[in-house]
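Asker: sequence-free structure coming up:
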Ligand SMILES: Nc1ncnc2c1ncn2[C@@H]1O[C@H](COP(=O)(O)OP(=O)(O)OP(=O)(O)O)[C@@H](O)[C@H]1O
């Protein structure tokens with residue numbers, strides 16, 4: 001099956017920052033999470049995909065077509081939640097329908113009003129008077145109501161309370177359920193990715209630190225707390241990164257299962273995406 005999105009060697013140079021040869025492939029039916037510290041390059045990646053900033057190098061293929069050459073057609077099949085609804089702030093919620101109908105060939109009136117209803121969004125409220133959560137929900141309703149095949153979200157769930165976030169995460173899982181749609185989302189809230197991501201890419205200072213399936217992260221990685229003797233007994237291949245604390249070593253290990261089988265009574269904790277990210281950014285290589 002053709003990937004929904006394919007990026008090869010995407011490079012964008014700013015004065016003090018380079019997004020450095022980022023490549024990614026999002027298969028159909030997958031949720032792909034982009035994580036990294038502030039300034040890692042997540043928004044730059046998404047902006048370059050959407051041709052909102054000019055890239056220096058690289059190719060971007062969406063639905064099998066070169067993005068630059070077929071941007072108008074491709075955009076008809078992409079739903080985007082990347083910033084607020086600034087340009088529409090003076091409009092009422094109900095005004096969005098006639099505007100979007102002109103933009104999207106597949107705009108689905110019933111679907112849109114269905115979302116407004118299920119999100120309990122008031123039709124007669126001005127967009128600038130919506131709460132943060134309400135405007136995020138409206139943004140999602142807009143992004144989904146033209147039957148896109150790819151959703152691109154930049155920090156879309158930050159600022160939402162846990163109940164609303166959960167609702168949105170369920171919506172995303174539903175969106176990819178038929179196996180043909182995909183989602184690319186960047187977030188600081190790594191626990192969201194623990195819940196729903198199929199793939200995770202960690203960006204650090206413009207570079208890709210890793211791309212792993214969620215299953216690989218769960219099955220391979222673990223955190224071992226140990227003393228010096230045990231640390232010295234580990235092989236270099238087992239240690240991804242380590243952090244030396246005052247009284248112990250904290251070690252991000254890979255090959256969790258093999259290690260458990262070969263060394264008895266080893267206490268290995270589960271590594272969340274946040275743990276893994278911290279080790280990759282703050283940890284040391286042996
Ligand atoms: N227009 C610009 N001109 C110069 N530098 C820029 C520009 N836009 C972004 N940058 C720089 O690029 C780097 C990456 O920024 P980017 O917004 O992509 O990071 P991010 O991972 O999305 O961060 P955050 O999590 O804080 O949103 C930063 O150092 C930022 O200052």
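Answerer: Received, thanks. All values reported here derive from a predicted model rather than from experimental measurement.
Asker: CA only for contacts and neighbour counts going forward, please
Answerer: Will do.
Asker: ok, and what's touching stretch 278-286?
Answerer: Contact with stretch 278-286 is made by 204, 209, 236, 239-243, 252, as judged by CA atoms under 8 Å, 6 or more residues apart in numbering.
Asker: Lowest average confidence across helices and strands of the chain, where is it?
Answerer: helix 256-262 (a mean of 78; mean pLDDT, DSSP states H and E).
Asker: Distance from the chain centre to stretch 26-44, please.
Answerer: Stretch 26-44 sits 4 Å away from the centroid of its parent chain (CA atoms, centre = their mean, to the nearest Å).
Asker: Is that stretch in proximity to the ligand?
Answerer: Yes - interface with the ligand: stretch 26-44 contributes 36-44 (CA under 6 Å from any ligand atom).
Asker: Would you quantify the distance from the nearest residue in space to residue 188 that is not next to it in sequence to residue 148?
Answerer: Distances taken as CA to CA, 6 or more residues apart in numbering place residue 35 nearest to residue 188, at 6.4 Å, with adjacent residues excluded. As for residue 35, its distance to residue 148 is 23 Å (criterion: CA to CA, to the nearest Å).
Asker: Pick out whichever of these two has more residues nearby.
Answerer: Legend: neighbour count by other CA atoms under 10 Å for residue 35 and residue 148, higher for residue 35 (25 against 20).
Asker: My read is that the more buried one contacts residue 192, right?
Answerer: No - the pair residue 35 / residue 192 is not scored as a contact, 10.8 Å apart, by CA atoms under 8 Å.
Asker: On the three-state scheme, the most far-flung residue of the chain relative to its centre is what?
Answerer: For the chain, the residue at maximal distance from the C-alpha centroid (CA atoms, centre = their mean) is residue 229, at 38.9 Å. Assigned by DSSP: H, G, I helix; E, B strand; the rest coil, the conformation of residue 229 is helix.
Asker: Just the mean pLDDT for stretch 60-73, thanks.
Answerer: In this model, stretch 60-73 has a mean pLDDT of 92.
Asker: now whichever helix or strand residue 232 is part of, how far from the centre of its chain.
Answerer: Following DSSP states H and E, the helix or strand that holds residue 232 is helix 228-233. Computed by CA atoms, centre = their mean, the separation of helix 228-233 from the middle of its chain amounts to 36 Å.
Asker: residues making contact with that helix?
Answerer: Here helix 228-233 has contacts from 248-249, using CA under 8 Å, 6+ apart.
Asker: Next, the buried residues of that helix.
Answerer: The neighbour-count check on helix 228-233 (16 or more other CA atoms under 10 Å) flags residue 231 as buried.
Asker: Okay, buried residues for the helix or strand just after that helix please.
Answerer: Scanning forward in sequence from helix 228-233 by DSSP H and E, the next helix or strand is strand 239-244. Residues of strand 239-244 classed as buried: 239-243 (neighbour count, 16+ other CA under 10 Å).
Asker: next structured bit after strand 239-244?
Answerer: By DSSP H and E, the next helix or strand past strand 239-244 is strand 249-253.
Asker: helices and strands around that following strand, which ones?
Answerer: strand 222-226, strand 239-244 (3 or more CA pairs under 8 Å, 6 or more residues apart in numbering; DSSP states H and E).
Asker: Report the angle between it and strand 222-226.
Answerer: 150 degrees (axes from the mean of the first three to the mean of the last three CA atoms, to 10 degrees).
Asker: related to what we said a few turns ago, buried residues in the least confident helix or strand of the chain?
Answerer: For helix 256-262, by 16+ other CA under 10 Å, it's 256, 259.
Asker: got it, and stretch 218-230?
Answerer: By 16+ other CA under 10 Å, the buried positions in stretch 218-230 come out as 218, 220-226.
Asker: With stretch 179-193 instead?
Answerer: Result for stretch 179-193 [16+ other CA under 10 Å]: buried residues 180-188, 190, 192-193.
Asker: what do you get for stretch 32-42?
Answerer: For stretch 32-42, a neighbour-count test (16+ other CA under 10 Å) marks 32-37, 40-42 as buried.
Asker: Could you export those residues as a markdown table, including secondary structure and pLDDT?
Answerer: Below are the buried residues of stretch 32-42 laid out as a markdown table (DSSP: H, G, I helix; E, B strand; the rest coil; pLDDT from 0 to 100):
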| residue | secondary structure | pLDDT |
| --- | --- | --- |
| 32 | strand | 98 |
| 33 | strand | 97 |
| 34 | strand | 96 |
| 35 | strand | 95 |
| 36 | coil | 93 |
| 37 | coil | 91 |
| 40 | coil | 94 |
| 41 | coil | 96 |
| 42 | helix | 95 |
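Asker: With that, I have no additional questions.
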